[in-house]
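Engineer: Generate a structure from the sequence data that follows.
(2 chains)
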Amino acid sequence: MQNIMTYLILAAFLGGLVLVSYQSRRSGPTGGSEAENFLLGGRSIGTILLLLSMGATYFSTWTLLGALGSYFRSGVWFAGFTVWTIFHAIFIWLFGVRIWLAGKKYGFVTPAQMIEDYYSSRRLRLVVAIVGIFALVPVMLIQITGAAMALESLTNGALPYWAGVIIMSAFVSFIVLWAGFRGTAWSDALMGVLFAAVMIGSCIFVFSIAGGTNLFREASKVAPELLVNRGNPMQMLDLWLSIGFGAWVLPHMWQKFYSASSAEALGKVMLATPFWNSWMMAFIPLVIGIAAVIPGVVPGLTTQTSDTILPQLFAHHTPMLGALVVAGILAAAISTVNSQLLSSASLVAYDLIGVFHGKDPSPHRITVITRVVVVVLTACLLVLGLTSVGKGFLVPVAALGFGLGLQLVPSALGALHLRGITEQGAFWGMVIGTVAMVALKLYPDLVPLSPAIGGLAVNGLVTAILSAFTPKVSAQSYERYHGLYREYFSNEQSSHADLQVRRAQA
Amino acid sequence: MTIAKKLTWATILIALLVTWLPCFNILNSPIFIGPFPQPLAVTLLANVVLTACVFVLYRLYFRPVIARERAESAKLN
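Structural biologist: Purely as a prediction, here's the structure:
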């Protein structure tokens, strides 16, 4: 009976998702090119949709599953999560608005296009695209495997892990192929609201059964070591840099900035981000994860099963509501993986096939290639999800992808802020930094640094040294980017349009 | 950079550093401040300050850009 209820609720959830995607598809923009509409929602995404879509994309299964497990295992040490999610708001000003401006001005669809244009370097475009795709694969993988684990846990094995992986892969692929970016953004919004509701509901429930305002005191009686910070700043720095700082540079988040309708939309998203990202999505898992150590809250919970706290909580206390929790987890997973899948496919279509093609293919051809790549990538994720790699702890697997994404930071900073970074520095920095990261992953005892920190340090060092001795970017590139930012973001009273006119006259 | 901007960035930097203190065993005692253990209370307090700073950043940086954007679109219309 319980399983039938679960299946019914999940079917209703997936049906609702299809309906929302259908509506968004019908009301989509028609002004831009076919590829621009399919991949960036016609650059017309407003504040609410952008906020919900960015939030739902960033917060994935590792929020609803992995973050709770991390709080359960590490206690208040993991509260750094609530800090870096506030910095996501600050990153919108520091990086997002510049990415949006350059994207709008010069018509970029992928991050690699912008990097190529700034450095006048096709090889850099290729490397950025390859690193970007490989960075997204582990993050996409944990969405599918995390949701499959939750389904298996809630149905007590009636829906096995492998079946969950197949259902998730097929459904995500269908939504992305059918509805494109706008459908993805709207389904993100719906799912963001749903899993926020699940989080808030779960928090209120846990708060009521775990001692209310005495929750942390109750937890300290059972596991006092979780209520003090365990130290290990290097590990926190690793998470801070990879999952926290590295988030804005990942291709799918970069493309969210491109999709914004205006600077005003981005500004308002910045204002709402601390509340949505930190005070809700990062703080609530802290309450639930630490409450889970109190006897009776999640009976039978162990470290090994701590990545499925939420399904176990509801499976024990209110089995009939458990399906809603799994729907929330599926929402979190689908809303993340659909954007990443679309983004990865656009990187392959524009930056890999496009580069080998000799010139950028037509918008229609790009759309067709993107759809084919979505199917191929989904098949790869399906195979990986069924292997033992896919069943690792969620946060460490996610950190691997985010860590690789960090390799994109120095070259991106050149186009956004640091004028001194040269093409040679950016290219060799990324290549050698990525090799160093892989080496540290394979041989962790080489130096006492994590792969993400070590790789970024090597990348930064090589970039800095080579940039000091190699030719600068052209004056034209410098003016097209840093000149544009200077004019647009200066606080002078004269308008941007007036400045443009003066510049043209000069 | 104006004084207001410098002050805001300095406050952000200090609040960020405060959140790292418990990692170095500073403000990391097994005592409670209200309902929260000390290291968590410190982090949450810094988060309140950081949230306020986001609003100040919006006012200092985004508002002029948005005003200019609106003026431009009014000029075009």
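
Engineer: residue contacts, A:A323?
Structural biologist: Applying C-beta atoms under 8 Å, 6 or more residues apart in numbering or on different chains, we find A:A323 in contact with A:M5, A:T6, A:Y7, A:L8, A:I9, A:L10, A:L154. For every residue, glycine as well, the C-beta is placed using N, CA and C.

Engineer: Spatially, which two of these are the most separated?
Structural biologist: A:L8 and A:L154 (13.4 Å; C-beta to C-beta).

Engineer: Please say which of those two ends up with more neighbours.
Structural biologist: A:L154 (26 against 11; other C-beta atoms under 10 Å in any protein chain shown).

Engineer: thought that one was touching A:V325?
Structural biologist: Yes: with contact defined as C-beta atoms under 8 Å, A:L154 and A:V325 form a contacting pair (7.1 Å).

Engineer: who touches both of those two?
Structural biologist: Joint contacts of A:L154 and A:V325 (C-beta under 8 Å, 6+ apart) are A:P311, A:F314.

Engineer: Could you pick out the longest helix of chain B?
Structural biologist: The longest helix of chain B (DSSP state H) is helix B:38-57.

Engineer: picking that back up, so which one among the contacts of A:A323 has the lowest pLDDT?
Structural biologist: Note: of the contacts of A:A323, the lowest pLDDT belongs to A:L154, at 70.

Engineer: List the residues that contact that residue.
Structural biologist: Counting by C-beta under 8 Å, 6+ apart, A:L154 has contacts A:T6, A:P311, A:F314, A:A315, A:G322, A:A323, A:V325, A:V326.

Engineer: Please determine how far the residue nearest to A:F91 when sequence neighbours are not counted is located from A:G211.
Structural biologist: Spatially, and ignoring its direct neighbours in sequence, A:F91 is nearest to A:W248 (4.6 Å; C-beta to C-beta, 6 or more residues apart in numbering or on different chains). With distances taken as C-beta to C-beta, to the nearest Å, A:W248 is found 38 Å from A:G211.

Engineer: And the two? Which one has more around it.
Structural biologist: A:W248 (24 against 18).

Engineer: give me every residue that touches the more buried one.
Structural biologist: By C-beta under 8 Å, 6+ apart, the contact set of A:W248 is A:H88, A:F91, A:F95, A:G96, A:W254, A:F257.

Engineer: now the angle between helix B:38-57 and the helix or strand hosting the first one, please.
Structural biologist: What it means is A:H88. For A:H88, the host element (DSSP states H and E) is helix A:80-91. With axes from the mean of the first three to the mean of the last three C-alpha atoms, to 10 degrees applied, the angle from helix A:80-91 to helix B:38-57 works out at 10 degrees.

Engineer: What is helix A:80-91 packed up against?
Structural biologist: Counting contacts by 3 or more C-beta pairs under 8 Å, 6 or more residues apart in numbering or on different chains; DSSP states H and E, helix A:80-91 is packed against helix A:233-239, helix A:263-273, helix A:283-291, helix B:3-20, helix B:38-57.

Engineer: Could I get the buried residue list for the helix or strand containing A:Y7?
Structural biologist: A:Y7 belongs to helix A:2-26 when elements are defined using DSSP H and E. By neighbour count on 16 or more other C-beta atoms under 10 Å in any protein chain shown, the buried set for helix A:2-26 is A:T6, A:I9, A:L10, A:F13, A:L14, A:L17, A:V18, A:V20, A:S21, A:S24.
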